[in-house]
Structures are given as C-alpha cells and as structure tokens.
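1. Below is the sequence, then the predicted model.
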Amino acid sequence: MGWKRKDLLSLQDLETAEIQDVLDTADSMREIATRDIKKVPTLRGKTVVNLFYEASTRTRTSFEIAGKWLSADVVNFSASSSSAEKGESLLDTAKNIEAMSPDVVVVRHKASGAPALLARHLRCAVVNAGDGAHEHPTQGLLDLLTIRQKKGHLEGLSVAIVGDIAHSRVARSDIHGMRKMGMTVTVAGPPTLIPPACQELGVKVSHRLEEAIAHADVIMMLRLQHERMESGLIPSLREYSRIWGLSLDKLKHCRPDVLLMHPGPVNRGVELSPEVADSQYSVILDQVSNGVAVRMAVLYLLAGSQAA
Amino acid sequence: MVPGSPAAQSPAPDGAFFLAPALPHPMTVREKAQVLDDTALDRALTRIAHEIVEQAGGEGVALVGIKTRGVTLAERIAEKIAAIEGARPPVGALDITLYRDDLRLKAEQPVVRGTEIPFPLKGRTVVLVDDVLFTGRTIRAAMDAVMDLGRPRIIRLAVLIDRGHRELPIRPDYIGKNLPTSRRETVAVMLREHDGVDRVVIQEPTDP
C-alpha cells in the first residue's frame, strides 16, 4: 500500500498497514548506515526544518542525520535562541517558516496537540517529534522496529511498560503502536503515575514490577523525571528506585530472551541499575540506530506524498 | 525497467514490478506476441554468461542485479559462469528507488526494497543486470548507486531485452535480445521464480 498522509502526528491515527509500511521502509534504510558514503540523493533539494520548543539532543540529532543522509537540507530552529522568547506565537513562527518554503517541519512542543495545530495551518508535511504527554510517534515506530528486528515478528509478543505512564508520550505511542500490531501490553508503576482510565487503551495494569515483567518478551523502562518527585507523586527517588528500578536480581526471574528497552536518556541508578543498562538483554543502543532509519523512512514517505 | 514511464512493465502476479502501483489508472493490456520461450530465454542467458567470461576472464567479476527480476537473472547468469569457469562470481542486489530522478513527479512514494551487496566493489568488474533496457534512466540511477558503494574498476551492463527508446547516452554490453517496440507497448519478462514460467511477451493496451 502507499503512503497517503500529509503529516505524521500520532500512532493512534495510523492503520496497521501504514505502520507496517514505515517499518519495512525503515528496514531498507538501515543498510545506508553501514556504507562508507552515508548519503543517497533521494531528497536532494528538499528542506527539513527542525522546530524544537523543548530541549532534545537525541531526537533532534536523529532527525538531522536522517535528513542529511537522504541529502535534504536540514535547518535547526530552537526556541531558546529564537523569536519565541520575544513573544511570537507558535502559529506566527510557523507561518514565517512556511514562507521560506520548507517541505517538512519536525515539531517538538511541550503542549499536547501543538503539531496537530501546525498541521492544520501549514501546507508542508508536519512530523510530531513529541508533544506534551500526548505522543512521540517516531519513538513508538523505532521501538517496534527494534523489537521486530530482534524477535523476528511482533504479533503475540507481550510487553511490560514500567514507570511514569501518566506523563509519558513514549508510553502512549508505544501502547497504540503495539496494540495495533497485535501485541499484549501491561503497564506498571506506582498508582500516582498510572492514568486512571488506562485500561481503555487495551492494556493491563499492574502495581508490582515483578508481576508485570515475569512473562514479558520485552521490558520498556521509562525515564523518571525528577520533577515528579517535587510535585509529590513519589515519596523519594531512593524508594522509587528500590521498588520500581530494574536490577539484575529482578531480571533473573524474567524470560532468558527478554529484551530490555529504554527511550533514553537513562537515569542510571534510578530506573535501571548500571549493570542492567549494560547487560546482554539491553537493546538501548539498537533503538538509537533504528531511530535514524525510522526517521529516514518517515521523511522519505512524507516528502514524497504531495497531498497538500 | 524504467522509472516513471507510463509504458512500464505489466503488473506481475506477485506485484513485484514496483512501477505498476504508480500508474495513474490500471491499464488493461493484451498479449501481442511471445518474444522468448523458456528455451530461448535460457540460451540467451548462456550466451551472456559466455560473453562475460570471454571479455573479463571471470576474474574479479561481480554481478549486481537490479531489483526485482534483474537479481534473479544475475543469479542464473552466475550459475552459468560457475559451470563454465568453476567459480561462481558474487551476486548483489541493488534497489535504485532512492536514486530515481522522478520521485517528485509521482502521487506517492515507490516502495524501497533495500540493497544487499555483501562484498566490496572496489577494483572489481561490476556487471549490472536488468531485465529490460528502455529509457536508460534506471541504469543511470544504478550507476550512481554503485559508485556510492565503492569504486569499481569497470561497470558493464547486461540486459535480457533491449527495447530501444533511450533517453540517455547508455548502451548495453551484453544483450539477450534486441526488440524493436513502440512506446505504447510494454515488455513483460516472466521468470519461474516470480511468475511460475519463463517467457517474455510484448503487450499492448486494449483501449485505442
């Protein structure tokens, strides 16, 4: 099937076949990373603007490398050094950028729905690179690609997502993507960090780490943001780490072929013990490599669909 | 095969002709004539294999097929060279999608199928293999792709069918059959591995 969308805003919107399409395209892109000359001329003459209103090194760099390997011109626009500080609204900034005729705008914003707003107003393609606690679709896609690559398939696998589910856009994209690909998802964390109506997304909820990970094929540990402690959602980092942190000891009771994933950046000693982060179960760095392949696939598919 | 040409190949049963979905509307075609049967096709490949060996001595030769049917033809030619020389040249698979010159002309992006060339190209004689040579644009893209993967000593071109109508200064070194065609006709190469049968036919659109 062919890609028909102007934008990539969420995995909730996508059909199973579309997800498949992106993953297959990304699989073909992986080979480019192994070449001496890591560049193909596909998006020559196209312009990709990274519009980041929130700090991000990994995602922005990943989009930048993806665009450059496809020969697009990539321009970074970060809010701290820009007009947002001078009081320009998001839409005005975006309209100004549009006047420079980009082909794809990649947006990260702390407000859920900001990329969707831009997508409605801009003629060019818009990619959501993380909006508030809503979604981070390219992260969800690279997680699926990593699992598929390691396990050979997706359907029927069971995944435990552990940590701050309530504030995690990664969790939301993962849940939508994994459910669509026929996987079973259990979310686990302290009750203050699990959204109340979580089951409606088709996931199981567990409040014990050991129970959640016992039969999982994949464990996805989420980053604990320090602000959560200050707002009183958890008593202390040490307690969180003791109950919800993954140590080698707790991993012993898991499946021997379990995959350990983390969207990064890792808080060593909080959600993951250092030995676990570096263990043979960990595919955290594969996730990062696959991130570039997925973003190449997304840029390729979007820059070519001239639906606008 | 030919990117962007409306006279692209016919849709094969496995959908492997990547151009077929890009056609603006499905074209109904009828078979006009059979050009090669299985014996003739095999003989053409045998001759190409002999010519490659004769010219290059089999030494340092690598075959690179252009996806999808070019790869199958490259595998068969490699078998034949192995029978002649005792050593089988390495075979790679090239997907030229990322090198096409017509990406922005299409309604949707063609499927990327991936390149698999598990040997260094540096210093080798690389023989590109494709099923049908038409405008030459695919071969232009393939040469760019090969150059990005390494620096071969020589690049040569083997095609099963040369149907004419070149748009670029490209000439094949090994030809299975020269086949004069009109632009509105299509050439369908069917191979056992994909289509269950070995034959080449000319098709023409049924509507006037």
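-> Structure received. Numbers count the residues shown, from 1 in each chain, chains lettered A, B, ... in the order given.
2. Around chain B, pick out the residues from chain A.
-> A:2-4, A:24-25, A:27-29, A:31, A:35-37, A:39-42, A:70, A:297, A:300-301, A:304-306 (CB under 8 Å from any CB of the partner chain). Where C-beta positions appear, they are placed from N, C-alpha and C, glycine not excepted.
3. I'd like to know which of these are buried.
-> Neighbour-count burial (16 or more other CB atoms under 10 Å in any protein chain shown) applied to the residues of chain A next to chain B gives A:2-3, A:24-25, A:27-29, A:40-42, A:70, A:297, A:300-301, A:304-305.
4. Go through those residues and say which is closest to residue B:63.
-> Proximity of those to residue B:63, judged by CB to CB, is greatest for residue A:28, which lies at 20.8 Å.
5. contacting residues around the closest one?
-> Residues in contact with residue A:28 (CB atoms under 8 Å, 6 or more residues apart in numbering or on different chains) are A:297, B:95, B:112-115.
6. now, which of those residues lie within helices?
-> residue A:297 (DSSP state H).
7. pretty sure residue A:3 is in a strand, no?
-> No. If the criterion is DSSP: H, G, I helix; E, B strand; the rest coil, then residue A:3 is coil and not within a strand.
8. which residues of chain B fall in helices?
-> Assigned by DSSP H, the helices in chain B fall at B:38-56, B:69-85, B:137-149, B:192-195.
9. export those helices to TSV and tack on mean pLDDT and distance to chain A?
-> Shown next, in TSV, are the helices of chain B (pLDDT from 0 to 100; distance: least, CB to the nearest CB, whole Å):
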stretch	mean pLDDT	distance to chain A
helix B:38-56	96	25
helix B:69-85	96	14
helix B:137-149	94	5
helix B:192-195	95	19
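10. As a markdown table, the ones you listed with distance to residue A:248 and mean neighbour count would be great.
-> Formatted as a markdown table, the helices of chain B follow (distance: least, CB to CB, whole Å; neighbours: other CB atoms under 10 Å in any protein chain shown):
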| stretch | distance to residue A:248 | mean neighbour count |
| --- | --- | --- |
| helix B:38-56 | 57 | 17 |
| helix B:69-85 | 46 | 20 |
| helix B:137-149 | 42 | 21 |
| helix B:192-195 | 49 | 16 |
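11. show me what contacts the residue most central in space within chain B?
-> With distances taken as CA atoms, centre = their mean, residue B:130 lies nearest the centre of chain B, 1.5 Å away. Going by CB under 8 Å, 6+ apart, residue B:130 touches B:1, B:65-66, B:69-70, B:73, B:138-139, B:142, B:157-160.
12. okay, now residue B:176: neighbour count?
-> 26 (other CB atoms under 10 Å in any protein chain shown).
13. for residue A:121, same thing?
-> Neighbour count for residue A:121, taken as other CB under 10 Å: 12.
14. Which helix or strand contains the closest residue to it other than its chain neighbours?
-> Computed as CB to CB, 6 or more residues apart in numbering or on different chains, the closest residue to residue A:121 that is not its neighbour in sequence is residue A:91, at 6.2 Å. Using DSSP states H and E, residue A:91 falls within helix A:90-98.
15. Against which helices or strands is that helix packed?
-> strand A:47-52, strand A:104-109, helix A:114-121 (3 or more CB pairs under 8 Å, 6 or more residues apart in numbering or on different chains; DSSP states H and E).
16. any idea of the pLDDT on residue B:18?
-> Residue B:18 carries a pLDDT score of 41 in this model.
17. go on, the one 5 residues further on?
-> At residue B:23, the model reports a pLDDT of 47.
18. just residue A:93 next, same as before
-> For residue A:93, the model assigns a pLDDT of 87.
19. how far away is it from residue A:63?
-> Residue A:93 sits at a distance of 18 Å from residue A:63 (criterion: CB to CB, to the nearest Å).
20. neighbour-wise, which of these two wins?
-> residue A:63 (28 against 18).
21. Packing partners of the host helix or strand of the more buried one?
-> Per DSSP H and E: residue A:63 is located in helix A:58-69. Packing partners of helix A:58-69 (3+ CB pairs under 8 Å, 6+ apart): strand A:47-52, strand A:73-78, strand A:104-109, strand A:125-131, helix A:137-151, helix A:284-304.
22. I am finished for the moment; much appreciated.
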